[in-house]
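> Kindly generate the corresponding structure for this input.
(2 chains)
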Amino acid sequence: MKKGICLFLCLGLILSLFGCARKAEAEIYDRNINEGASAAPETGGGSRTLRVAAGIDYSLYNEIGLTSLAERFQTLHPDVTVEIDAIPAQEINTADDFKAYRERILLGIAGGEGYDVLDWTILESYTKMADNGMLLNLKSFMENDPEFIAEDYFENILYTYAYQDGLYAIPTGFYTTKVWLRTDILDEMGVDLTGKREISVEELGELYTEAVEKELVEENWLSFSWKGDVRSRLLTGFFSACVDCGNHTSSFSAPENVEYLDWVLNTVPESLPYGTIEAGLGAENVEQAFQQLYGARCFASIWSGDFYTAPWANYKAENSTEPMNLTDREGRVFYDLTDAVGIAGNTKEPNLAWEFVKFCIAEVENPSYKGLYSEGPNAVDVCNGAYTVNRKNFEKYAPLYTRAIYGRWHYPKAWETRMTSEFFQTLYTDEINDRILYDIESAGAYNTMIDNDLETLLYDALLAYIESPVTTVEQFSAELDRMVTDYYAE
Amino acid sequence: MNLKKNTFGWFLVPSLLGMLVFYCIPFAFSLYYAVTDNSVKRQFVGLLNFQTTLSQPVFQRAALNTAVFMAISVPLGMALGLIVAVFLQKITHFRPLVAILILMPLVVPSGSIAYFWRVLFGTNGLASEVLLMCGVPLETVTQMQTSMAAVVVMFLWKNVSYTVLLFWSGLNLIPQTYYEQMAIEGAGGWQQFWRVTWVYLMPTTFVVLLLSIVNSFKVFKEIYMLYGAYPGESVYMLQHYMNNQFYALNMQKLSSAAYILFVSVSLLLLLVFRVQKKLTDAYN
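Presented below is the predicted three-dimensional model:
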């Protein structure tokens, strides 16, 4: 009896200790929500620590990444230490490895782990995180900070992570999807796409169907693509269009959506896997890939217009069209992100975290960028191109949107090889300014659903449907609506 | 004597400590989550989370499905287990081989069972093809794939071996002299079963009932492997609801649902114990 009482008292003591700790966090949360960024910086003196929860750390392979950003931030703020919690790239072998790491970070945040800034790889389910108070609404910081001018940024990219009247993360880099078509095949079809900057999914499908009917190409029209095939991109765009994450509704069963889904699945085949070719690792590999493309007489090639592969945005091989942007059925250009940052809900340094976020998205003085573009025989200065006079503070966001050039997917040695490669030198032209600006202003269809967990669920259901001979597209669409309803009803 | 008794107690300390750290404290702490608003702010909201959870249609559906599944699978599993155990006791030839075949599903991993079930009853499965060939409408076939019946069949196939094992053990403990005496007095097989087997199997039956109720909650992993986190409406269980809340980082709803389930199952088990006590007293 006495022992039982002692045990009970110990339990009570432990629970009460947890309760006291949480009260302090509740006060921090209230302050973060109500005050946002204030004009005066936080005082207190002494050193401060900023904890960043990131995804994959490429710093071992790339001196220009989140780690180097943190070092430069510390140089500007000597009293601040930036600690980055990331998993080394060499420890990521499968998607499950990263998923396990991400879950650990999220559980830590849910359990009160003291992160201040969250990297985009942690933000894949940012709508749920926002609902659970794990992310701060950045609009309050933007509105209270006179130094931040939202008009300096492209609105379509800046508000990618908008959710229910709030903004919960800001992208730090993006890219669009490029399409090249075989002009020799188009000539045989009597089609001229000269000067065309965009091509919709439907147009691409119609051209392909015609080419197959005329036996001009085989039924594997996409030779390779970066980060997945066109069908998966189309389906992601389709999911994004059908799911209203803000209002927690979906419209998969609408007749036009059922028809579109049926068309995508029956007309757009899966592309062949691109094997071991990795974008940006060497000019010769990609050049050979293009040669293989034409040797196999494939109809089209899809490539990410990453600005680190910005030359490819202008690449025109023999017998290929100019690169075109891929659009959805509503004419919006598909785009994807390279990085984004948000502020954790329980941060103890909200203003400092906001300063770091601003720093990440406005890296004007980036020496690496300047070095890449101002040196060498074919240097291109994007900041002083023909369009800078037409856009205020272009130099502020040009690095923002071209930072992927030296982003974390790069290897310094490969980049150096590229810069000295004759093949690549021919690709850097003045037209790159025009291409970059056009891509930025055109980007309208975010290629990933804002709720990555829901997107994964829908994709899994889609795979089951594709394998099934016994479910109609109408039944499947109704099933998708039910899944979305249950997902948001929980 | 007292020294031995006290020493014995000390050997239990590591296990009790582990149980305290990994079960009792987290169990108590989840109550804290259940009475706060979110994982960051953690303000006390009383029973609001319980109220919200109970009023959610999706939770109500999950609870109903779980109750229906339990109401069907537990008595059916026990009846099947008893019938097979009696059959196993009656056969004389090849009993060990038959026993092995009956108990085989028990040792097959759940993942393998789910894969086998997908091949058989999945959306592209053999059973679906056969049904379509027999003229069953497509819509009916699709509905059957994610119906409660398919899940019950899968669960019974996997778990009835366990009840067979328990009943068989109980049957072997009944002295044969009782049956011989009943036979001498002219009692038929059915009378022997009700007067001897059923009475002396009562304690075993209650153990089987308790374990079957607990095991019925373990069907989640097979359903999850077959149909994912959001299966058909009729097989969306409480465990799906809690699992999804975990991945959505909503510890408040997860904890409140877990406590609701804990209270419900506790009440059910208390009822079973009371019924057992009354029946035992009646037979005595």
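
> going forward, measure contacts between C-alpha atoms and count neighbours the same way
Will do.

> separation between B:Val86 and B:Val58?
To B:Val58, B:Val86 is 42 Å away according to CA to CA, to the nearest Å.

> Show me which of the two is the more surrounded one.
Taking other CA atoms under 10 Å in any protein chain shown, B:Val86 and B:Val58 do not tie; B:Val58 has more neighbours (22 against 18).

> So that one lies in a helix, does it not?
Yes: using DSSP: H, G, I helix; E, B strand; the rest coil, the assignment for B:Val58 is a helix.

> quick one: contacts for it?
By CA atoms under 8 Å, 6 or more residues apart in numbering or on different chains, the contact set of B:Val58 is A:Asp486, A:Ala489, A:Glu490, B:Tyr241.

> What's the ChimeraX syntax to select whichever of these are buried?
Only the buried entries of those go into this ChimeraX selection, using 16 or more other CA atoms under 10 Å in any protein chain shown:
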select /A:486,490 /B:241
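
> count of neighbours near the residue of the stretch 1-150 of chain B found nearest chain A?
Nearest to chain A, among the residues of the stretch 1-150 of chain B, is B:Lys41, at 4.2 Å (CA to the nearest CA). Burial of B:Lys41 is recorded as 23 neighbouring residues (other CA under 10 Å).

> Which strand or helix spans it?
Under DSSP states H and E, no helix or strand contains B:Lys41.

> With A:Ser240 instead?
helix A:230-242.

> Likewise for B:Thr177?
helix B:176-184.

> Just the CA trace of the helix or strand that comes right after that helix, in CSV.
Remark: after helix B:176-184, the chain's next helix or strand is helix B:189-192, criterion DSSP H and E. Extracted in CSV, the C-alpha atoms of helix B:189-192 (Å, rounded to 0.1, in the frame of the first residue of the first chain):
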residue,chain,number,x,y,z
GLY,B,189,-23.0,-36.8,-28.6
TRP,B,190,-24.9,-33.5,-28.3
GLN,B,191,-25.8,-34.1,-24.7
GLN,B,192,-22.3,-35.1,-23.9
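
> What ranges does the chain have for its strands?
This is for chain A. Remark: strands assigned in chain A by DSSP state E are A:48-57, A:80-88, A:117-119, A:162-163, A:166-167, A:170-181, A:198-200, A:243-244, A:249-250, A:300-304, A:324-327, A:333-343, A:443-446.

> can you give me the mean pLDDT across the second one?
For strand A:80-88, the mean per-residue pLDDT is 82.

> Pull out the buried positions in the one helix or strand B:Ile100 maps to.
Using DSSP H and E, the element containing B:Ile100 is helix B:95-107. Residues B:Ala99, B:Ile102, B:Leu103, B:Pro105 are the ones in helix B:95-107 that count as buried (16+ other CA under 10 Å).

> For B:Ala258, state which of these is nearest.
The closest of these to B:Ala258 turns out to be B:Pro105 (CA to CA; 29.4 Å).

> Hmm, that closest one is touching B:Leu156, no?
No: counting by CA atoms under 8 Å, B:Pro105 stays clear of B:Leu156, with 9.8 Å between them.

> and the helix holding B:Thr177, which residues are buried?
By 16+ other CA under 10 Å, the buried positions in helix B:176-184 come out as B:Tyr179, B:Met182.

> got the contact list for it?
B:Gln192, B:Val196.

> from the chain's centre, how far out does it sit?
With CA atoms, centre = their mean, to the nearest Å as the basis, helix B:176-184 stands 35 Å off its chain's centre.

> Can you show me the CA trace of that helix as CSV?
Extracted C-alpha coordinates of helix B:176-184, given in CSV (Å, rounded to 0.1, in the frame of the first residue of the first chain):
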residue,chain,number,x,y,z
GLN,B,176,-12.5,-39.0,-20.5
THR,B,177,-14.2,-40.8,-17.6
TYR,B,178,-17.0,-38.2,-17.7
TYR,B,179,-17.8,-39.0,-21.3
GLU,B,180,-17.6,-42.8,-20.7
GLN,B,181,-20.1,-42.4,-17.8
MET,B,182,-22.4,-40.3,-20.0
ALA,B,183,-22.2,-42.9,-22.7
ILE,B,184,-23.1,-45.6,-20.2
